[in-house]
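1. with the sequence up front, the predicted model follows.
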Number of protein chains: 2
Amino acid sequence: MGYDGLMRWQPDARGRLEEAAFALYSERGFDQTTVAEIADRAGLTERTFFRYFADKREVLFSGSDLLKTGFADAVAQAPSSAAPIDAVFAGLQAVAGFFEGRREFARRRRGIIAVNPELQERELIKMASLKDAVAAALRQHGVTEPAASLAAEAGVAVFHVAFERWTDQADEEKLLPFIRETMTQLKAVTAGA
Amino acid sequence: MGYDGLMRWQPDARGRLEEAAFALYSERGFDQTTVAEIADRAGLTERTFFRYFADKREVLFSGSDLLKTGFADAVAQAPSSAAPIDAVFAGLQAVAGFFEGRREFARRRRGIIAVNPELQERELIKMASLKDAVAAALRQHGVTEPAASLAAEAGVAVFHVAFERWTDQADEEKLLPFIRETMTQLKAVTAGA
DNA sequence: AAACGCTATGACAGCCACTGACATCAGTCT
DNA sequence: AGACTGATGTCAGTGGCTGTCATAGCGTTT
């Protein structure tokens, strides 16, 4: 039999909270949404929200762990003969796969984050964490510092720039070509003089 | 005659708040310090703290505006014949001057920030803002996107890595040599393959 | 010098993010 | 049935941050 209005013990509390937050942040904006409202919409309480997410921002970043491990694992599994920049590129290819078919979602999520400094801060620290993971994977490959950190910085910079250009596009296209082109241009820039 | 205990209308309220915050964050850590305590130590009230600083973190970042304009102005004033990466390097030289003789302060400040994720987030968004300013200066130079953004990312990455290595050093040395070396290594890494 | 006005600060009330402690509910095991 | 476990609810409290109004110091005007 169905549950009577009460949602307690309904499945996927975490997912419901994510959806509710995403919807409310879209409709009214992050600042104009309270955690109590998110919890209500998900049929839960504020306290439960904070059991699943460390804070009000984190609910938008549940995918970043997968992105991080996907990127770093691909770097770690690159042939050991590969130059650092090529190992990083292998990671970027994995990232491109990660976003396959999710451009519209990525676009709306970016819209929410773009208008709020607090959310931008969170996004930046996720990027920094991604960078650290990539650097660690490179070191595991025998790349020494500071080359590992710099190659990781370069890789994440390429991802960031390419990702923005991809979501700015009107048409549904693949992310990978943007990554390729951005990487080429980074090489051109740093080779200057 | 001197003032009797009350500090109202004592000069440099802002500076006193900065010093008090820096001291307390050092002694007990950021989380264990309340804004009321900072204000007390500065002889002011909590409300006044928030008139000078947007939030509890911002009090540690008052210098970042000077750093940003110093970096960006130097980029903008580089000879128009200079390649993007060389204009960026001119900016980095200005940054090195900015930190002249402030290594110990930079070191302690970094210690406060290093142990607190919220402060790291704030530092990261300041870096991003710095990057944006540098990119804008490059565009003003006629550099097109995405080269401007990428060169700016590269420049800020070099600053970041060099700065960390400089503050890790035990001896008081100049920042500029670290910047030179880091820049060289970035070029080597991105030239790979 | 008295009145005026301007700005920095204080005082107070309130919202909301976030936390700790304990109660309660649903399903499982025995 | 009764005990056990894990997810959720309830409640009280802390602290960051804001809006609003009162007040203190200081210069200016008349």
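-> Yes, it's here. Residues are numbered from 1 along each chain as shown, chains lettered A, B, ... in the order given.
2. pLDDT wise, what is the residue lying closest to residue A:76 once chain neighbours are set aside at?
-> Spatial nearest neighbour of residue A:76, chain neighbours left out: residue A:137 (4.3 Å); criterion: CB to CB, 6 or more residues apart in numbering or on different chains. C-betas here are computed from N, CA, C, even on glycine. Per-residue confidence (pLDDT) for residue A:137: 97.
3. what's in contact with stretch A:153-164?
-> Contacting residues not belonging to stretch A:153-164 are listed as A:71, A:85, A:88-89, A:91-92, A:95, A:99, A:106, A:110, A:127, A:130-131, A:134, A:175, A:178-179, A:181-183, A:186, A:190, B:146, B:149-150, B:153-154, B:157, B:160-161, B:186, B:189-190 [CB atoms under 8 Å, 6 or more residues apart in numbering or on different chains].
4. could you redo the last one with a cut-off of 6 Å?
-> Residues lying outside stretch A:153-164 but in contact with it, judged by CB atoms under 6 Å, 6 or more residues apart in numbering or on different chains, are A:88, A:95, A:127, A:130-131, A:134, A:178-179, A:182-183, A:186, B:146, B:149, B:153, B:157, B:190.
5. go through it and flag the buried ones.
-> A:153, A:154, A:155, A:156, A:157, A:158, A:159, A:160, A:161, A:162, A:163 (16 or more other CB atoms under 10 Å in any protein chain shown).
6. let's have the residues you listed in JSON lines, adding secondary structure.
-> Conversion of the buried residues of stretch A:153-164 to JSON lines gives the following (DSSP: H, G, I helix; E, B strand; the rest coil):
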{"residue": "A:153", "secondary structure": "helix"}
{"residue": "A:154", "secondary structure": "helix"}
{"residue": "A:155", "secondary structure": "helix"}
{"residue": "A:156", "secondary structure": "helix"}
{"residue": "A:157", "secondary structure": "helix"}
{"residue": "A:158", "secondary structure": "helix"}
{"residue": "A:159", "secondary structure": "helix"}
{"residue": "A:160", "secondary structure": "helix"}
{"residue": "A:161", "secondary structure": "helix"}
{"residue": "A:162", "secondary structure": "helix"}
{"residue": "A:163", "secondary structure": "helix"}
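7. near chain B, which residues of chain A?
-> A:83-86, A:121, A:124-125, A:128, A:146-147, A:149-151, A:153-154, A:157, A:161, A:185-187, A:189-190, A:192-193 (CB under 6 Å from any CB of the partner chain).
8. buried members of those residues into PyMOL, please.
-> The PyMOL selection below is limited to those of the residues of chain A next to chain B classed as buried (16+ other CB under 10 Å):
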select buried, chain A and resi 83+84+85+86+121+124+125+128+146+147+149+150+151+153+154+157+161+185+186+187+189+190
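9. among the residues of chain A next to chain B, which ones are in helices?
-> Using DSSP state H, the subset of the residues of chain A next to chain B located in helices is A:84-86, A:121, A:124-125, A:128, A:147, A:149-151, A:153-154, A:157, A:161, A:185-187, A:189-190.
10. so where's chain A uncertain?
-> Confidence mapping of chain A against pLDDT under 70 gives the ranges A:1-8, A:192-193.
11. and the residue nearest the centre of it?
-> The residue lying closest to the centre of chain A (CA atoms, centre = their mean) is residue A:64, at 4.2 Å.
12. near DNA strand C, which residues of chain A show up?
-> Listed as neighbours of DNA strand C in chain A under the rule CB under 7 Å from any atom of the strand: A:8-9, A:33-36, A:46-47, A:50, A:54-57.
13. quick check: closest non-adjacent residue to residue A:112.
-> Distances taken as CB to CB, 6+ apart put residue A:25 closest to residue A:112, at 4.9 Å, once the chain neighbours are dropped.
14. that neighbour: neighbour count?
-> Taking other CB atoms under 10 Å in any protein chain shown as the neighbour definition, residue A:25 ends up with a count of 26.
15. wait, doesn't it sit right on residue A:114?
-> No: proximity of residue A:25 to residue A:114 does not meet the contact threshold set by CB atoms under 6 Å, at 11.8 Å.
16. helix, strand, or coil at the closest residue to residue A:62 other than its chain neighbours?
-> Using CB to CB, 6+ apart and skipping residues adjacent in sequence, the residue nearest residue A:62 is residue A:18, 6.3 Å away. State at residue A:18, reduced to three classes by three-state DSSP: helix.
17. could you give the number of residues near residue A:18?
-> When neighbours are counted by other CB under 10 Å, residue A:18 registers 19.
18. repeat that for residue A:188.
-> Using other CB under 10 Å, residue A:188 has 14 other residues around it.
19. look up the closest residue to it, ignoring the ones flanking it.
-> The shortest distance from residue A:188 to any non-neighbouring residue, by CB to CB, 6+ apart, is to residue B:147 (7.3 Å).
20. surely that neighbour and residue A:187 touch.
-> No: applying CB under 6 Å, one finds residue B:147 not in contact with residue A:187, separated by 11.1 Å.
21. list the residues that contact residue A:165.
-> Residues counted as contacts of residue A:165 (CB under 6 Å, 6+ apart) are residue A:178.
22. what does chain A have sitting close to DNA strand D?
-> Contacts of chain A with DNA strand D, taken as CB under 7 Å from any atom of the strand, map to A:7-9, A:13, A:39, A:43-48, A:51-52.
23. secondary structure for those - can I get that in a markdown table?
-> Written out in a markdown table, the entries for those read as follows (three-state DSSP):
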| residue | secondary structure |
| --- | --- |
| A:7 | coil |
| A:8 | coil |
| A:9 | coil |
| A:13 | helix |
| A:39 | helix |
| A:43 | coil |
| A:44 | coil |
| A:45 | coil |
| A:46 | helix |
| A:47 | helix |
| A:48 | helix |
| A:51 | helix |
| A:52 | helix |
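24. many thanks, I have nothing further to ask.
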